[in-house]
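**Q** Fold the following, please.
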Amino acid sequence: MQPIGWLLMIVSVGSVLTLVSFCLFRVLTLPPIDVEDLNIAPLEIDTHDRRDMD
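**A** Below you'll find the model as predicted:
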């Protein structure tokens, strides 16, 4: 492989690894949330699949 190919490969792989590392760092360092902050409610979605088909 020519030197320009090695340079391009190192830059592209390095860019992807940097982006993945940055995203993982941002996600894993999020502050914890309290359970009271979550809106937990039973799902009441009518999918119409239990109605009479006649």
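**Q** mean confidence score for the host helix or strand of Val27?
**A** Taking DSSP states H and E as the criterion, Val27 maps to helix 3-28. For helix 3-28, mean pLDDT is 97.
**Q** Off-centre distance for that helix?
**A** 18 Å (Cα atoms, centre = their mean, to the nearest Å).
**Q** And stretch 19-36, by the same measure?
**A** Relative to the centre of its chain, stretch 19-36 is centred 11 Å away, using Cα atoms, centre = their mean.
**Q** Dump that stretch to PDB, keeping only the CA atoms.
**A** Output in PDB follows, covering the C-alpha atoms of stretch 19-36 (Å, rounded to 0.1, in the frame of the first residue of the first chain):
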ATOM      1  CA  LEU A  19     -16.400  10.000  17.300                       C
ATOM      2  CA  VAL A  20     -17.400   6.700  19.000                       C
ATOM      3  CA  SER A  21     -15.300   7.500  22.000                       C
ATOM      4  CA  PHE A  22     -16.800  10.900  22.300                       C
ATOM      5  CA  CYS A  23     -20.400   9.600  22.000                       C
ATOM      6  CA  LEU A  24     -19.800   6.900  24.600                       C
ATOM      7  CA  PHE A  25     -18.200   9.400  27.000                       C
ATOM      8  CA  ARG A  26     -21.200  11.700  26.600                       C
ATOM      9  CA  VAL A  27     -23.800   9.000  27.200                       C
ATOM     10  CA  LEU A  28     -22.000   7.300  30.100                       C
ATOM     11  CA  THR A  29     -21.400  10.600  32.000                       C
ATOM     12  CA  LEU A  30     -25.000  11.700  31.900                       C
ATOM     13  CA  PRO A  31     -26.300  12.700  35.300                       C
ATOM     14  CA  PRO A  32     -28.700  10.100  36.900                       C
ATOM     15  CA  ILE A  33     -32.400  10.900  36.900                       C
ATOM     16  CA  ASP A  34     -34.800  10.300  39.700                       C
ATOM     17  CA  VAL A  35     -37.700   7.900  39.400                       C
ATOM     18  CA  GLU A  36     -40.100  10.800  40.100                       C
END
